[in-house]
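Novice: Give me a model of this one.
(one chain, ligands or ions: 1)
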Amino acid sequence: MVRIAILASGSGSNARQLMAHFSGSPLAQVALVGCDQPGAGVLQRAWDMGVPSLLFSPAELRDGTLQHELASAGIGLLLLAGFMRLLPPELVRAWPGRILNIHPSLLPKYGGKGMYGHRVHQAVLAAGEKESGITIHLVNERYDEGKVLFQAKCPVLPGDDADTLAARIHALEHAHYPSAVEGYLKELPPAPPLPHV
Ligand code: GRF
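Specialist: Reported below is the predicted structural model:
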């Protein structure tokens, strides 16, 4: 049984889908939700699902405190779901191939620092793209640059604004993130020993 931690900064609609998907699964369970934003919706969603949550500061992300907490909780897979900060290199190295992110565009297009939320959709619309989509990828030490594991596309429709496009993308994310994670987990070799911190 793989113990999953989700890191999120916002409303947590993807986190909710992940918690629901793995609830009762013999393969994995969401054991922890980590959040860097007091009052973020994801904290309530974790509470509603009976999943422990951990609020941490930017300093605790940087100084190894979060890494220590994750290792102590026996976390084997980290899922970013709207987490707005770059992970420190030590943390990335401690879970090699075991940190995934979801991004609301077809990377490498519309990714990188500052490309999040409505900014992504506004850029897609401004460029006159006919399609957009989602990317699930491994996390490395740079924004949105790890190996792509999965992509799904949707049309950009005439009359779309950032809100309508965001809603279509969110639906795509909810439909695919949990199953893509499950597929990835099934292919993973047995977990290495937990990182020593
Ligand atoms: C999603 O669009 C995801 O792609 C991005 O952040 C957003 C999080 O949304 N990384 P939510 O908090 O899961 O609703």
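
Novice: What is the helix or strand hosting residue 91 packed up against?
Specialist: If you go by DSSP states H and E, residue 91 is part of helix 89-94. Under the contact criterion of 3 or more Cβ pairs under 8 Å, 6 or more residues apart in numbering; DSSP states H and E, helix 89-94 touches helix 65-72. Bear in mind the C-beta positions are built from the backbone N, C-alpha and C, glycine included.

Novice: Give the other helices and strands that the helix it packs on contacts.
Specialist: strand 28-35, helix 89-94.

Novice: so can I have JSON lines of those showing mean pLDDT and distance to residue 51?
Specialist: Formatted as JSON lines, the helices and strands packed on helix 65-72 follow (pLDDT from 0 to 100; distance: least, Cβ to Cβ, whole Å):
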{"stretch": "strand 28-35", "mean pLDDT": "98", "distance to residue 51": "5"}
{"stretch": "helix 89-94", "mean pLDDT": "96", "distance to residue 51": "21"}
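
Novice: so which of the ones you listed comes closest to the ligand?
Specialist: Closest to the ligand of these, according to Cβ to the nearest ligand atom: strand 28-35, at 10.4 Å.

Novice: can you give me how far that closest one is from the chain middle?
Specialist: Here the centre of strand 28-35 is set off from its chain's centre by 12 Å, with Cα atoms, centre = their mean, to the nearest Å.

Novice: quick one: strands adjacent to it?
Specialist: strand 2-8 (parallel), strand 53-55 (parallel) (DSSP bridges).

Novice: Go ahead and name everything in contact with the very next helix or strand once past the longest one.
Specialist: If I follow you right, that is strand 2-8. Toward the C-terminus, strand 2-8 is succeeded by helix 13-22 as the next helix or strand (DSSP H and E). With Cβ atoms under 8 Å, 6 or more residues apart in numbering as the test, helix 13-22 has contacts from 4, 6, 8, 28-30, 33, 42, 45-46, 49, 51, 79, 81-82, 102, 170, 173-174, 177-179, 181-182.

Novice: does the ligand sit close to helix 13-22?
Specialist: Yes - if you take Cβ under 6 Å from any ligand atom as the test, helix 13-22 does meet the ligand, through 13, 14, 15.

Novice: low pLDDT regions in the protein?
Specialist: 191-197 (pLDDT under 70).

Novice: residues touching the residue in the chain that the ligand sits nearest to, list them.
Specialist: Residue nearest to the ligand within the chain: residue 82 (2.7 Å; Cβ to the nearest ligand atom). By Cβ under 8 Å, 6+ apart, the contact set of residue 82 is 8, 9, 10, 11, 12, 14, 15, 42.

Novice: and the angle from the longest helix seen in the chain to strand 2-8?
Specialist: Longest helix in the chain by number of residues (criterion: DSSP state H): helix 162-187. Interaxial angle, helix 162-187 versus strand 2-8 (axes from the mean of the first three to the mean of the last three Cα atoms, to 10 degrees): 160 degrees.

Novice: what angle separates helix 162-187 from helix 13-22?
Specialist: 40 degrees.

Novice: buried stuff in helix 162-187?
Specialist: 162, 165-166, 168-170, 172-174, 176-178, 180-181, 184-185 (16 or more other Cβ atoms under 10 Å).
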